[in-house]
Structures are given as C-alpha cells and as structure tokens.
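> Kindly return the folded structure for what I paste below:
(one chain, ligands or ions: 2)
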Amino acid sequence: LAGRDFHPEDTIVPVRDLLVGGRRVQVIAGPCAVESREQLLETAMAVREAGATMLRGGAFKPRSSPYTFQGLALKGLEYLAEAREVTGLPVVTEITDPSLIKEVAEVADVLQIGSRNMQNFALLQAVGRVQKPVLLKRGLSATIEEWLLAAEYILAEGNNKVILCERGIRTFETYTRNTLDLSAVPAVKHLSHLPILVDPSHGTGRRCMVAPMARAALAAGADGLLIEVHPNPQEALSDGPQSLTPKEFARLMEEIRPIITAV
Ligand code: PEP
Ligand code: MN
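Ligands and ions are numbered 1, 2, ... in the order given. This is a model prediction of the structure:
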C-alpha cells in the first residue's frame, strides 16, 4: 500500500486546512518538550510569527534515560490545545503507548510516532485505526524498507494519512548526534507516494548545522521540515543543544522563503 506501484500519484495528507505532500513545503516548529504553559505559548507565537505552519511539542517524551524529564503528559496536551487556540496552528505531538490513543488523538492534529517506536507494531496498528494524520519518524537504525513496512502497518489498518519523517540514523560518526540521511528523500519519493519531511534538529543534534541541512533537505525535494525551537535553549529540559532560538528560526525561515515560494 505504501508503494508507488500501488498508488502512482503523490499522496496529499490534509491537516486541518493545510495540505502535506506534493512538494508544498510545510514547516513544523516548536519545542522538543512542552515544559510549561508559558514556554509553549511563547514559542508557539514566535514560530507562527516567523512563518511556521504547524506547532510541535512533546507531552509524552520517550527519553533514553528513565531519570530524565519524561514530559508533562496530560497537562502538556492541555497546553498544546490552548496554544492551537491562540495561534491557529495545527498541533503535532507524540504518542508513546496505544493505551493513550483516546487522550492524544483528542488534542493532536497529527499523531507523531517517534523513532524509538517505529517498530512498535501495536502502536502502529492503534494509530492505523483512527482517522488522524500520522507523522512516522524513521527508526534509529531502520533501513528505508523497514521504515516503509512500518508505514504499511498503519495503512493496512485503513488510515492512509501517513507522513514520513527522516530524522537521522545511527552510524559510526559521533560528531553529529545522528547522520542525516538526505538520500532517503529521493529514495522514498522513488519507492513511495507518501509525503516525506526532514528533521535536521535530531538529524544533526547541533544548532549550527540545522539551517544548512534544512536548506539541503528542501533542495533534495522534501515536503517540509520539522525544527526544534526553544525560547532559551540553555535551559531546555530536552534537546537544548539542537534547538534554535526564535530569532535563529526566523532567520532560517527568511532563508528558505524563496525556496518555499518557488516550489
Ligand atoms: C522528537 O521529535 O522530539 C523526538 C523524540 O524525535 P525522535 O523520535 O526522532 O528521536
Ligand atoms: Mn527532541
């Protein structure tokens, strides 16, 4: 179902009144984690002002260590709903457990499946059974085929609103947090009809590399970007080193504006 042979035209996924896919460029921006009402609202207003088209923020955080900040959970969802109310931006947030489907789907406009859960098949089936767009991030060590098969689990349950997101893979390189595999963009475009976004924040782990790789992703044909933004990255409870300040994000949006209007 994910293959081009099955469905030759590009799939366009509607998210509220936006369309994802078909080489329109959507920019999802916001903090890694929802940390407080003030932090989220401040970031949401700043990214909207700069031209982001969707707001992101994790309420349930699948952290590598159980001793680090795990997210505000239901309170975080509440703040996301308020931020959407205030800014009008659709909300993208991660779901980590099939038992949370009702609560998360009630607030999210897009359900994010994180890298660590790309092969959580029960979770994939659960989001496949609701009619909500799903942002499926590539697993830390997943091949493109495994990633498309994960998408297949969602499609096979009857939800065809799947958006892929390249976010870097594990390699021997340690200078960057992950190795952003931009070749996945044309590969996925060749193999599949599903839209593909690129996340240079997790893909590089380094603030100074986010803007160049964002531009490169669009040059490679990505249907959009996912960018982490924090009002004060030094104080961020997660992913501070890769988060842009609102000012840096606004500069990036200026840089890519000609590319966005050209496609
Ligand atoms: C995130 O988007 O904050 C996140 C946890 O991403 P990933 O699943 O790609 O690590
Ligand atoms: Mn993050």
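> which residues in the chain form helices?
Ranges of helices in the chain, per DSSP state H, are 37-50, 74-87, 101-107, 121-128, 144-156, 184-191, 200-204, 207-219, 246-262.
> which one of those is the most hemmed in?
Per residue and on average, the most neighbours among these fall to helix 200-204, with a mean of 27 (mean count of other CB atoms under 10 Å). Backbone N, C-alpha and C define where each C-beta goes, glycine included.
> That one and ligand 2 in contact?
No. Figure legend: helix 200-204 not in contact with ligand 2 (CB under 5 Å from the ion); closest approach 5.8 Å.
> With stretch 21-33 instead?
Yes. Using CB under 5 Å from the ion, stretch 21-33 comes into contact with ligand 2 via residue 32.
> returning to what we had before: the helices of the chain: lowest mean pLDDT?
Considering the helices of the chain one by one, the lowest average pLDDT is found for helix 246-262, at a mean of 94.
> Run a quick neighbour tally on the residue in the stretch 151-263 of the chain positioned nearest to ligand 1.
Nearest residue of the stretch 151-263 of the chain to ligand 1: residue 167, at 3.9 Å (CB to the nearest ligand atom). Residue 167 sits with 26 neighbouring residues when counted by other CB atoms under 10 Å.
> my read: it touches residue 139, true?
No. Using CB atoms under 8 Å as the test, residue 167 is too far from residue 139 to be in contact (9.3 Å).
> which residues does the residue in the chain positioned nearest to ligand 1 contact?
Among residues of the chain, the one nearest ligand 1 by CB to the nearest ligand atom turns out to be residue 114. It sits 3.0 Å away. Each residue near residue 114 by CB atoms under 8 Å, 6 or more residues apart in numbering is listed here: 62, 94, 96, 137.
> and the gap between it and residue 92?
12 Å (CB to CB, to the nearest Å).
> before we move on, what about residue 212?
Using CB to CB, one obtains 23 Å as the distance from residue 212 to residue 92.
> Give me the common contacts of residue 167 and residue 139.
If you check residue 167 and residue 139 against CB under 8 Å, 6+ apart, the residues they both contact are residue 115.
> Close to ligand 2: what parts of this protein are there?
Proximity of the chain to ligand 2 (CB under 5 Å from the ion) is limited to residues 32, 239.
> switch the cut-off to 8 Å
32-33, 58, 61, 201-202, 228, 238-239, 242 (CB under 8 Å from the ion).
> Out of those, list just those in strands.
Residues of the residues of the chain next to ligand 2 located in strands (DSSP state E): residue 228.
> Go through the residues of the chain next to ligand 2 and name the one nearest residue 158.
Top of the list for closeness to residue 158, among those and by CB to CB, is residue 58 at 26.5 Å.
> Any buried residues in stretch 230-239, and which?
By neighbour count, and taking 16 or more other CB atoms under 10 Å as the criterion, the buried residues in stretch 230-239 are 230-231, 233, 236-239.
> And the residue nearest to residue 35 when sequence neighbours are not counted, how far from residue 120?
For residue 35, ignoring the flanking residues on the chain, the nearest one in space by CB to CB, 6 or more residues apart in numbering is residue 237 at 5.2 Å. Distance of residue 237 to residue 120, given as CB to CB: 24 Å.
> wait, what's in contact with the closest residue to residue 211 other than its chain neighbours?
In this structure, residue 211 finds its nearest non-sequential neighbour in residue 252, 4.6 Å apart by CB to CB, 6+ apart. For residue 252, the contact set (CB under 8 Å, 6+ apart) comprises 210-211, 214, 227, 244.
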